[in-house]
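S.K.: heads up, no residue letters with this:
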Ligand SMILES: [Zn+2]
């Protein structure tokens, strides 16, 4: 597959990696039933059948406990990035806390066999106006591509560019690769991930990707292994998170297969980056 126009990404984490829910905090993780091995295998199978190579943002905590998963992702030809170590909102961590967590994740990923990590995605799109300093920390720690800034009000800002671009930081430039959004009924919705991707017909998603491509930009899609769990553990979550986690999981794998097999996807490092540069 050469020159794919769009990127497919996976945030490789456990079903309980939810930010800001006390009952699912890191202190409980070792006691909660693990689903990540089974569900990651489903994602790998799906991508293998569609002959898609993707970018996997892996939580360091997962890489530490299941290093063979990092190996399987790499040997299937996918690219590995960091999805932090302990899956917390970046804007709650402060510069030092973020740096410590990032370094921990990079160590865990390379110890599991990954080459030097150049890609990062923050948990729940948590690099936004409250945490733009994190881009500078990423550059200082050797990360070249960030995929954490969603052009969506709830987690980011509708003013953020919808296409890959370069951001300036005091320590140097970083490429920012946002996820796919769409305008719908006067609102901006997450067309490339989460409830927006799960509720939309493959036809609608493909039409949005096509419009993006016709304007000269790639689309970036994201899934989590837990979205393909045939028997997902259920926990009580605040309403917004409940919707984000459980809404229309039914049939998602089949809809995703149609999307993956209809157009070309690749890794983030395979897509074209606009040379537009923004300060941050
Ligand atoms: Zn996550």
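M.R.: Structure received. Since this is a predicted model, take the numbers as computed values, not measurements.
S.K.: how about the contacts made by the residue in the stretch 151-280 of the chain that the ion sits nearest to?
M.R.: Closest approach between the stretch 151-280 of the chain and the ion, counting by Cβ to the ion: residue 224, at 6.7 Å. (Each C-beta comes from the backbone N, C-alpha and C, glycine too.) Residue 224 makes contacts with 10, 11, 12, 13, as judged by Cβ atoms under 8 Å, 6 or more residues apart in numbering.
S.K.: phi and psi next, for it.
M.R.: Per-residue torsions, residue 224: phi -120, psi 140 (degrees, to the nearest 10).
S.K.: thinking again about what came up before, and the contacts of residue 224, which is closest to residue 201?
M.R.: Ranked by distance to residue 201 (Cβ to Cβ), the contacts of residue 224 are led by residue 10 at 21.7 Å.
S.K.: picking that back up, from the contacts of residue 224, which two are the most distant?
M.R.: Using Cβ to Cβ, the two most remote members of the contacts of residue 224 are 10 and 13, lying 9.4 Å apart.
S.K.: would you mind finding the longest strand in this structure?
M.R.: When the chain is parsed with DSSP state E, its longest strand is strand 6-12.
S.K.: if we ignore the residues flanking it in sequence, what's nearest whichever residue of the stretch 101-250 of the chain sits closest to the ion?
M.R.: Nearest to the ion, among the residues of the stretch 101-250 of the chain, is residue 123, at 4.5 Å (Cβ to the ion). Leaving out its chain neighbours, the residue that sits closest to residue 123 by Cβ to Cβ, 6 or more residues apart in numbering is residue 87, at 4.6 Å.
S.K.: tell me the contacts of the one you found?
M.R.: 13, 17, 19, 59, 61, 123.
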